[in-house]
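Trainee: Structure of the sequence below:
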Amino acid sequence: MAYGVALQPDGKILIAGVIARNRFGLTRLNNDGSLDTSFGHGGTIIDVFETDSVAAGSSVHLLSNERILLIGTSTNGNGTFPALARFDKDGNVDISFGKEGKTVVPLPKGGSRFDAGGSKNTPTTPAINGAVMGNYIFVKNRYESADGDYELIARLQEHGDLDKSFGGRGYVRVKHPQHSTYINALLAGPDGDVLAAGSVDTESSFYGLLTHYSREGIPDDAFGENGFVVLDEQGGNTLDGVVRSAGNTIIGLGSTTSPNKGILIGRTSTGGPDKQFNHGEMVFNEFTPEESAWTQAQVSASSSIVVAGYTEGGEEADVIVAHYLANGTLDSRFGRGNGWVRTKVGKSIDIAYALALQTDNKIVVCGMLFKDVSFQAFALRYIG
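Mentor: Below you'll find the predicted structure:
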């Protein structure tokens, strides 16, 4: 199952995910989609972050000097923890990172294995999402408690140690004052700040959430209310991704149950509705009759917002990709004038989890499909 994708300068494609349910996988493809057997061991690295544990890869990032950072999870008897491994451009372990090239982030015990919190993502989705900007590395972990679920967001230094200048301990507790809080995506800022997207559970419904923390790990009082923005347009929604547009609009993406559609929102730097993006209103996926959800987005060189996701419903669960303009309308330059495309990869469930944009505007999409009795990874490429 593929959950993350990144592109190297030479056009080769890195894909991160889970292999055999208990190890992380990192694969490299050539630009033509064939397996690059010069990478790792015959094209793939299969490993765990620590002994006697279950590992999953959830995202892959290209660093300076073409080093490769894999972010995922390690689950042992004490719970689930964010975990990372770093490699050189050819897939050799970078022993200068962490402990012999790997690190399991030393957060409190009891982290939750899988995502929840209103997300339409399947139960096999790793609970950790990471973000990288320069030397800043962010990860997060989910916890349950009697007074409501919460998240810890941690910032790491370049070599994998907790950055104690963030929150005093290297991590901060993120919980809305009244509600259980779930973080599904992180977006690192250039100054060491971080924007997070997810949802809150009000017991009656889920509501999409954005929250912003400063480089010191302090909630941004200028953002929303005490650092939190809750989407109060309607209930039953969650945000599974977040990007910034070329004009610095915060674009949140996810899904809602009223109706059961993929959604996009545009917010200003202070968290208010961006009137330049669909007049400040939520954008619904109206072009597929089935239920749908958006899972990932990137901003193209032409300032289009490229989103990937899936429709729901057994055999009708297909990959969908769309281009939106900066104002929130579909970009007719994509998809033969429609602004979107729908692709059936296998005969049953197809889910897109990650996308990357090539310099020639082609779009690489990765995810999983259900075949026979198990989920398998896939990679697609679209002409942009």
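Trainee: Flag every buried residue along stretch 232-249.
Mentor: Glu233, Gly235, Gly236, Asn237, Thr238, Leu239, Asp240, Gly241, Val242, Val243, Ser245, Thr249 (16 or more other C-beta atoms under 10 Å). For every residue, glycine as well, the C-beta is placed using N, CA and C.
Trainee: Low-confidence bits of the stretch 1-150 of the chain, can you list those?
Mentor: Residues of the stretch 1-150 of the chain that meet the criterion pLDDT under 70 lie in 21, 113-128.
Trainee: how does it look with 90?
Mentor: 1, 19-22, 64-66, 77, 110-129, 134-135, 147 (pLDDT under 90).
Trainee: Tell me the helices and strands packed up against the helix or strand hosting Ala55.
Mentor: Ala55 belongs to strand 54-62 when assigned by DSSP states H and E. If contacts are counted by 3 or more C-beta pairs under 8 Å, 6 or more residues apart in numbering; DSSP states H and E, strand 54-62 sits against strand 2-7, strand 13-19, strand 23-29, strand 68-76.
Trainee: ok, how many other residues are close to Gln8?
Mentor: Around Gln8 there are 16 other residues, counting by other C-beta atoms under 10 Å.
Trainee: oh sorry, the question was meant for Asn76
Mentor: Neighbourhood size, Asn76 [other C-beta under 10 Å]: 15.
Trainee: residues contacting it?
Mentor: Contacts for Asn76 (C-beta atoms under 8 Å, 6 or more residues apart in numbering) come out as Glu50, Asp52, Ser53, Val54.
Trainee: Make CSV out of the residues you listed and add distance to Gln8 and neighbour count.
Mentor: As requested, the contacts of Asn76 are exported to CSV (distance: C-beta to C-beta, whole Å; neighbours: other C-beta atoms under 10 Å):
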residue, distance to Gln8, neighbour count
Glu50, 27, 15
Asp52, 33, 7
Ser53, 28, 19
Val54, 28, 17
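Trainee: Can you tell me which of these is nearest Ile137?
Mentor: Distance to Ile137 across the contacts of Asn76 (C-beta to C-beta) is lowest for Glu50, with 18.3 Å.
Trainee: That closest one touches Ser74, doesn't it?
Mentor: Yes. When contacts are counted by C-beta atoms under 8 Å, Glu50 is listed as touching Ser74 (5.6 Å).
Trainee: List the residues that are in contact with both of the two.
Mentor: Shared contacts of Glu50 and Ser74, defined by C-beta under 8 Å, 6+ apart, comprise Ala83, Val104.
Trainee: I'd say Gly111 and Val104 touch.
Mentor: No. Using C-beta under 8 Å, Gly111 is not in contact with Val104, being 10.8 Å away.
Trainee: tell me which of the buried residues of stretch 232-249 is nearest to Leu62?
Mentor: Val243 (17.0 Å).
Trainee: quick one: Ser205 and Asp232 touch, right?
Mentor: No. Using C-beta under 8 Å, Ser205 is not in contact with Asp232; the gap is 10.7 Å.
Trainee: in the stretch 51-200 of the chain, which spans are strands?
Mentor: 54-62, 68-76, 79-87, 102-104, 131-133, 136-143, 150-156, 171-174, 180-188, 194-201 (DSSP state E, counting those that start in this stretch).
Trainee: As JSON lines, those with distance to Gln358 would be great.
Mentor: Shown next, in JSON lines, are those (distance: least, C-beta to C-beta, whole Å):
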{"stretch": "strand 54-62", "distance to Gln358": "13"}
{"stretch": "strand 68-76", "distance to Gln358": "17"}
{"stretch": "strand 79-87", "distance to Gln358": "21"}
{"stretch": "strand 102-104", "distance to Gln358": "29"}
{"stretch": "strand 131-133", "distance to Gln358": "19"}
{"stretch": "strand 136-143", "distance to Gln358": "24"}
{"stretch": "strand 150-156", "distance to Gln358": "28"}
{"stretch": "strand 171-174", "distance to Gln358": "34"}
{"stretch": "strand 180-188", "distance to Gln358": "21"}
{"stretch": "strand 194-201", "distance to Gln358": "25"}
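Trainee: Which of these sits closest to Thr268?
Mentor: By C-beta to C-beta (comparing all of the strands of the stretch 51-200 of the chain), the closest turns out to be strand 194-201, at 12.4 Å.
Trainee: what lines up beside the closest one in the sheet?
Mentor: Looking at strand 194-201 with DSSP bridges, its partner strands are strand 180-188 (antiparallel), strand 206-213 (antiparallel).
Trainee: Out of the ones you listed, flag the one nearest Gly262.
Mentor: Using C-beta to C-beta, those put strand 206-213 closest to Gly262, at 12.3 Å.
Trainee: following the closest one, which helix or strand comes up?
Mentor: strand 228-230.
Trainee: Run through who's touching that next one.
Mentor: 176-177, 200, 207-211, 219, 223-224, 267, 271.
Trainee: Sort out which of those residues are buried, if you could.
Mentor: Among the contacts of strand 228-230, those classed as buried by 16+ other C-beta under 10 Å are His176, Val200, Tyr207, Gly208, Leu209, Leu210, Thr211, Pro219, Phe223, Gly224, Arg267, Gly271.
Trainee: Just send the buried residues of stretch 232-249 back as TSV, with pLDDT and distance to Leu325 too.
Mentor: Converted to TSV, these look like this (pLDDT from 0 to 100; distance: C-beta to C-beta, whole Å):
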residue	pLDDT	distance to Leu325
Glu233	67	21
Gly235	77	28
Gly236	88	27
Asn237	92	22
Thr238	94	24
Leu239	95	20
Asp240	94	21
Gly241	95	18
Val242	97	18
Val243	97	14
Ser245	93	10
Thr249	96	12
